[in-house]
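[1] The following comprises the amino acid sequence and a computationally predicted model.
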Amino acid sequence: MPMPRRAAQAFTAVLLAASTVTALSHTAAAADTLGSAAAGKGRYFGTAVAANHLGESAYAGTLDREFNQVTPENEMKWDATEGSRNTFTFGNADQIVSHAQGQNMKVRGHTLVWHSQLPSWVSGLGATDLRSAMNNHITQVMQHYKGKIYAWDVVNEAYQDGSSGALRSSPFADKLGSGFIEEAFRTARSVDPNAKLCYNDYNTDGVNAKSNAVYAMVKDFKSRGVPIDCVGFQSHFNPASPVPSDYQANLQRFADLGVDVQITELDIEGSGTAQANNYSNVVKACLAVTRCTGLTVWGVTDKYSWRSSGTPLLFDSNYGKKPAYDAALAALGGSGTGGGDGGNPGGNATCTVSFARTSDWNDGYNGEVTVKAGSAPINGWTVTLTFAPPQKVASLWNGTPSWDSSGSVMTVRAASYNGSLAAGASTSFGFTAAKNGNNSTPTLGACTAS
Ligand code: XIL
């Protein structure tokens, strides 16, 4: 029997009042950013940075608010620092280092000896000359930054992919033999004894032939006193190369050799809940390994990611916090969601939401969620609704939904056309749900604005 009209109106009014949730606005309270939450766990949370974006206020604002470590994305590589022999150019890298120092951020030096982004003059040298060029490069670059770098990727990506466990072909391996790695580390230690010296690689994130080869090298170095302090795991993930199930175990076995481990170039292609879960798992793996001292994501925003089309980072191209951000922050023990203000470095982007059940029939109902910007304009919003199983959302309009693995928690981001709202302005999205025998109203979560 249908509800009498007046009762139905009263019911709707109660629903509206009960489900109107005000987002927390951004405050500087501890542990509401990635960096502060990681610091609470004795770790850093960093990002790769490109010097040419530092002038963009949303980029610098997000960087400065969220991260406490940086890695220059390209500016310290051989082609950037010594494009011609013995002529060193540090301008762009210096810009990143001084920005980081001004913000009390750690800097990871990346990278001294790598086969890629290597100027052709280096590849053309004979063995004797190459050895002195390599040692000179390490010496000059490390001298320049002495005292400013907490850790250097001394050697990057020296091993082959696949099952061989061999070094990859490179001017260094081909002309100097496998001893080049040891030589690079010994030279590095002599230049700056206070910097941590790391080996860094990809596809070494789980236990496999490549990581076994790196493991054997580190074990050998430790047993012979070759100076090595840390191993970096790049952690570039996508559906073809997912987060390995033995990720934590692999980090742990390296740590057990007596080195620190770090996640150095984390990005995970995907979106929504699946991406969020992957980020959460990576953060938890690091926290579970005592010697995992920090994590670095490979960029601030999807807009400038080297794999932009895979949207692999924590902030979308409008600097809005993604579900992956919330998941990473929660895994770090941070204070949850709310207050996304990346596109609004003033820090006051907020929104509120309310819900109404707009029509009902035997097996279904329509819901409408109204999103209202707070006292500042916003560039994006995210709302979560939790449905009582076995209810299912059959269709949704004016928003972009994603679901968690249980299928009952729906996260809705703005559609491409209704994310930007003036202060106090509203928009709404709607959906049709199948009751499947359960007539409950979904629970509305807080609104997150960016
Ligand atoms: C990438 C940068 O992100 C790109 O901008 C550049 O064009 C190529 O290099 N492993 C590394 C990083 O150690 O230096 C690489 O960075 C990504 C893979």
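    The structure has been received and is ready for your questions. Model, not experiment: these values are computed from the prediction.

[2] Where does residue 385 sit, in terms of helix or strand?
    With elements taken from DSSP states H and E, the one containing residue 385 is strand 381-386.

[3] Pull out the buried positions in that strand.
    381-385 (16 or more other CB atoms under 10 Å). For every residue, glycine as well, the C-beta is placed using N, CA and C.

[4] which among the residues you listed gets closest to the ligand?
    residue 382 (27.1 Å; CB to the nearest ligand atom).

[5] Now for that closest one: which residues touch it?
    320-321, 323, 337, 340, 411-414, 447-448, 450 (CB atoms under 8 Å, 6 or more residues apart in numbering).

[6] for residue 34, same thing?
    Per CB under 8 Å, 6+ apart, neighbours of residue 34: 45, 66-67, 314, 325, 328-329, 332, 334.

[7] Could you report the distance from the residue in the stretch 101-250 of the chain that the ligand sits nearest to to residue 391?
    For the stretch 101-250 of the chain and the ligand, the shortest gap (CB to the nearest ligand atom) falls at residue 156, measuring 5.1 Å. Per CB to CB, to the nearest Å, residue 156 is found 50 Å from residue 391.

[8] Could you give the bridge partners of the spatially most central residue of the chain?
    The chain has residue 297 as the residue nearest its centroid, 3.6 Å off, counting by CA atoms, centre = their mean. Per DSSP bridges, residues listed as beta-bridge partners of residue 297: residue 47, residue 266.

[9] what separates stretch 114-121 from the chain centre, distance-wise?
    27 Å (CA atoms, centre = their mean, to the nearest Å).

[10] helix or strand right after the helix or strand bottoming out on mean pLDDT in the chain?
    Every helix and strand of the chain was ranked by mean pLDDT, DSSP states H and E. The lowest is strand 21-22, at a mean of 37. Reading on from strand 21-22 to the C-terminus, the next helix or strand found by DSSP H and E is helix 34-40.

[11] Near the ligand, which residues of the stretch 251-400 of the chain are found?
    Within the stretch 251-400 of the chain, the residues that sit near the ligand (CB under 6 Å from any ligand atom) are 265, 306.

[12] got any ranges where the stretch 251-400 of the chain has weak pLDDT?
    336-347 (pLDDT under 70).

[13] Helices along that one, start to end?
    Along the stretch 251-400 of the chain, counting by DSSP state H, counting those that start in this stretch, helices occupy 272-288, 323-331.

[14] and the angle for the shortest one with helix 272-288?
    An angle of 30 degrees separates the directions of helix 323-331 and helix 272-288 when computed by axes from the mean of the first three to the mean of the last three CA atoms, to 10 degrees.

[15] My assumption is that residue 121 lies in a helix; please confirm.
    Yes: Residue 121 forms part of a helix when assessed by DSSP: H, G, I helix; E, B strand; the rest coil.

[16] Now for it: which residues touch it?
    By CB under 8 Å, 6+ apart, the neighbours of residue 121 are 84-85.

[17] picking up where we left off before, next, format the buried residues of strand 381-386 as CSV and append distance to residue 418.
    Formatted as CSV, the buried residues of strand 381-386 follow (distance: CB to CB, whole Å):
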residue, distance to residue 418
381, 9
382, 13
383, 12
384, 17
385, 17
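
[18] among these, which two are most distant?
    381 and 385 (13.3 Å; CB to CB).

[19] Residue 196 - how many residues pack around it?
    20 (other CB atoms under 10 Å).

[20] now swap in residue 67 and tell me
    Neighbour tally, residue 67, other CB under 10 Å: 26.

[21] Pretty sure it sits against residue 104.
    No: in this structure, residue 67 is not within contact of residue 104 by CB atoms under 8 Å, at 11.0 Å.

[22] Just the closest residue of the stretch 251-400 of the chain to the ligand, please.
    Going by CB to the nearest ligand atom, the ligand is nearest to residue 306 of the stretch 251-400 of the chain, at 3.5 Å.

[23] OK, contacts around that residue?
    73, 298-299 are the contacts of residue 306 under CB under 8 Å, 6+ apart.

[24] Can you show me the strands along the stretch 351-450 of the chain?
    351-361, 364-373, 381-386, 392-397, 399-403, 409-414, 426-434, 443-449 (DSSP state E, counting those that start in this stretch).

[25] The longest one vs strand 409-414, what angle?
    With the same axes, to 10 degrees applied, the angle from strand 351-361 to strand 409-414 works out at 120 degrees.

[26] now the last one
    Here the directions of strand 443-449 and strand 409-414 differ by 30 degrees (the same axes, to 10 degrees).

[27] Work out the gap between strand 443-449 and the centre of the chain.
    Distance of strand 443-449 from the chain centroid (CA atoms, centre = their mean) equals 23 Å.

[28] cool, the shortest one as well?
    Strand 399-403 has its C-alpha centroid displaced from the chain centroid by 21 Å (CA atoms, centre = their mean).

[29] Report all helices and strands that it contacts.
    Contacts defined by 3 or more CB pairs under 8 Å, 6 or more residues apart in numbering; DSSP states H and E place strand 399-403 against helix 272-288, strand 409-414.

[30] now do the last one
    Here strand 443-449 is seen to pack against strand 21-22, strand 351-361, strand 364-373, strand 381-386 when contacts are counted using 3+ CB pairs under 8 Å, 6+ apart.

[31] any chance of these in JSON lines, with distance to residue 310 too?
    Below are the helices and strands packed on strand 443-449 laid out as JSON lines (distance: least, CB to CB, whole Å):
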{"stretch": "strand 21-22", "distance to residue 310": "32"}
{"stretch": "strand 351-361", "distance to residue 310": "28"}
{"stretch": "strand 364-373", "distance to residue 310": "28"}
{"stretch": "strand 381-386", "distance to residue 310": "20"}
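
[32] which of these sits most buried?
    strand 381-386 (a mean of 24; mean count of other CB atoms under 10 Å).

[33] Can I get that one in CSV? Just the C-alpha atoms.
    Taking C-alpha atoms only, strand 381-386 is exported to CSV below (Å, rounded to 0.1, in the frame of the first residue of the first chain):
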residue,chain,number,x,y,z
TRP,A,381,33.9,16.3,-6.5
THR,A,382,33.6,12.7,-5.4
VAL,A,383,30.8,11.1,-3.4
THR,A,384,30.4,7.5,-2.0
LEU,A,385,27.2,5.6,-1.6
THR,A,386,26.9,2.2,0.1
